[in-house]
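Chemist: structure here, sequence nowhere to be found:
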Ligand SMILES: C[S@@+](CC[C@H](N)C(=O)[O-])C[C@H]1O[C@@H](n2cnc3c(N)ncnc32)[C@H](O)[C@@H]1O
């Protein structure tokens, strides 16, 4: 059955979700939400948004699945070659000078980006002095990230990406072991270094200060008003001289905190406080 939900129908749904579950989707871009809500409605064999509200009203246990289904979790290891080359050549040497390094991956999804950076830190022998936090609202994605286990056919692609920025004989297969069902798991040395946990950018607030924040392809799903709010929180969490990176296609130069950031490598959306 083809389900076509009108964007205006989303408003009562998002308001209901906020009132009952205090999760605030109201500042997400309606275009993306519309497609994800349609998918959820179809998945649960519902006919319209009213049946969806009924389902969420009567089955609080389903809300976690609903929230997970509404997020876009596309990610990859070493996605965007020029970005990772910049991290390797320009950021890592700066971080290496520090006594301790504090890193936050905001919107880490299933963790691929987090393991990418951990490997770069390990390659230059500075993983031990790093403390790595990685957060998301998608609880299923966080489970995958914590396990650090991925299908080999994806790891093959990630390894190709890695080789584009590391023209050495090393491979990402050096950092883990094959597991059942044609999978590969990163070793406990990497996994134990990373603290994956739930954190909502909209309602969450943190006093932690980081030397590097990766917030790539997260704010892109928010309306400009919400982007502006979240940007000021991220700015607050950034150390003096700390680095912050956004997705290659994200443009946040208009936001109010942006004027306090310096260009570092703007082509790759890396800025410095
Ligand atoms: C497209 S993924 C980006 C993954 C990774 N940063 C990358 O660029 O490869 C976007 C992630 O943002 C997360 N997200 C969406 N809304 C969020 C919120 N309010 N707080 C924290 N994370 C959120 C989603 O669950 C999803 O995993």
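Modeler: That came through fine. Values in this document were obtained by computation on a predicted structure and should not be read as measured data. Numbering: from 1, shown residues only.

Chemist: if I look at the closest residue to residue 57 other than its chain neighbours, what pLDDT would I see?
Modeler: The shortest distance from residue 57 to any residue other than its chain neighbours is 7.0 Å, reached at residue 20 (CB to CB, 6 or more residues apart in numbering). To be clear about C-beta, it is placed using only N, CA and C from the backbone, and glycine gets the same treatment. Here, the pLDDT recorded for residue 20 equals 97.

Chemist: same question, residue 141
Modeler: On pLDDT, residue 141 comes in at 98.

Chemist: ok, residue 1 next?
Modeler: What the model reports for residue 1 is a pLDDT of 61.

Chemist: could you number the chain from 54 rather than 1 from now on?
Modeler: Renumbered: residue one is now 54, and that last one reads residue 54.

Chemist: for the residue nearest to residue 110, helix, strand, or coil?
Modeler: helix (DSSP: H, G, I helix; E, B strand; the rest coil).

Chemist: now the helices for the protein?
Modeler: Counting by DSSP state H, the chain has these helices, from start to end: 60-74, 83-96, 102-111, 116-123, 134-139, 145-149, 165-176, 192-200, 205-218, 241-244, 277-289.

Chemist: the fifth one close to the ligand?
Modeler: In other words, helix 134-139. No. Taking CB under 6 Å from any ligand atom as the criterion, helix 134-139 and the ligand are apart, separated by no less than 9.6 Å.

Chemist: list the buried residues in that helix.
Modeler: 136-139 (16 or more other CB atoms under 10 Å).

Chemist: closest to the ligand among the residues you listed?
Modeler: residue 136 (9.6 Å; CB to the nearest ligand atom).

Chemist: that older thread, now the buried residues of helix 134-139 in JSON lines, with pLDDT?
Modeler: Below are the buried residues of helix 134-139 laid out as JSON lines (pLDDT from 0 to 100):
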{"residue": "136", "pLDDT": "98"}
{"residue": "137", "pLDDT": "97"}
{"residue": "138", "pLDDT": "97"}
{"residue": "139", "pLDDT": "98"}
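
Chemist: and the residue nearest to residue 110, how many neighbours?
Modeler: Neighbourhood size, residue 73 [other CB atoms under 10 Å]: 13.

Chemist: swap in residue 269?
Modeler: The criterion is other CB under 10 Å. On that basis, residue 269 has 24 neighbouring residues.

Chemist: quick revisit: surely the residue nearest to residue 110 meets residue 109?
Modeler: Yes. Taking contact to mean CB atoms under 8 Å, the distance of 7.0 Å between residue 73 and residue 109 places them in contact.

Chemist: just want the most central residue of this structure.
Modeler: The C-alpha lying nearest the average C-alpha coordinate of the chain belongs to residue 160 (CA atoms, centre = their mean; 2.3 Å).

Chemist: residue contacts, that one?
Modeler: Contacts were defined as CB atoms under 8 Å, 6 or more residues apart in numbering; by that measure residue 160 touches 188-189, 254, 268-271.

Chemist: next, give me the two most distant ones among those.
Modeler: By the measure CB to CB, 188 and 270 form the most distant pair in the contacts of residue 160, at 14.3 Å.

Chemist: residues contacting residue 80?
Modeler: Contacts of residue 80 were listed using CB under 8 Å, 6+ apart, and they are 255, 275-276, 278-279, 282.

Chemist: one more time with 7 Å, if that's ok
Modeler: Listed by CB atoms under 7 Å, 6 or more residues apart in numbering, the contact set of residue 80 reads 255, 275-276, 278-279.

Chemist: from these, which single one is nearest the ligand?
Modeler: The shortest separation between the ligand and any of the contacts of residue 80 is 4.7 Å, and it belongs to residue 255 (by CB to the nearest ligand atom).

Chemist: my read: the closest one touches residue 75, true?
Modeler: No. Contact between residue 255 and residue 75 fails when scored by CB atoms under 7 Å: they sit 10.5 Å apart.

Chemist: what about those two, which has more around it?
Modeler: Just comparing residue 255 and residue 75: by other CB under 10 Å the higher neighbour count belongs to residue 255, 16 against 9.
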